[in-house]
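K.L.:
Need coordinates for the below:
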Amino acid sequence: MREIYKLHAEMCKVFSNSIRLEILNLLRDKEMSVTELITKTKLTQANISQHLSIMKSKGIVVSNRNGKNIYYKLSNPKIIKAFDIIREILSERLEMDRKSLFIQRREK
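P.N.:
Alright, predicted model coming up:
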């Protein structure tokens, strides 16, 4: 049973970086080349490649080569479900914090 917790923790480390989260979101619906990811994120090839390498080593993305280009996609579509659930929770929390702040300001 502890093995699943260890794997879970390792996967969550991937989600602890905002650049990797941005890449995950870009790969949500389609396969993309490194060049496309560089264009969308405005990051360097070295930076994108480093993050993709981490994500690939943890089994989050898979790659395939087509000529000179390497394309990446999510290894499992359920990854986006987890991503979306976490974002929903955070959005709800932000909204609650804004409402609480608004109420506090009105009471003063």
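K.L.:
buried residues in the helix or strand of the chain with the lowest mean pLDDT?
P.N.:
Using mean pLDDT, DSSP states H and E, the weakest-scoring helix or strand in the chain turns out to be helix 78-107, at a mean of 85. For helix 78-107, a neighbour-count test (16 or more other Cβ atoms under 10 Å) marks I79, F83 as buried. Glycine gets a C-beta too; all of them are placed from N, C-alpha and C.
K.L.:
mind listing what the nearest residue to N25 once chain neighbours are set aside touches?
P.N.:
Sequence neighbours aside, F83 is the residue nearest to N25 in space, at 7.1 Å (criterion: Cβ to Cβ, 6 or more residues apart in numbering). Contacts for F83 (Cβ atoms under 8 Å, 6 or more residues apart in numbering) come out as F15, L21, L24, N25, R28.
K.L.:
Name the nearest residue to the most centrally placed residue in the chain, ignoring sequence neighbours.
P.N.:
The centre of the chain sits closest to L21, judged by Cα atoms, centre = their mean, with a distance of 2.2 Å. Nearest residue to L21 in three dimensions, chain neighbours excluded: F15, at 6.4 Å (Cβ to Cβ, 6+ apart).
K.L.:
where along this structure do the strands fall?
P.N.:
Using DSSP state E, the strands of the chain run over residues 32-33, 61-66, 69-74.
K.L.:
For F102, which of those is the nearest?
P.N.:
Comparing these by their distance to F102 (Cβ to Cβ), the top pick is strand 69-74, with 37.8 Å.
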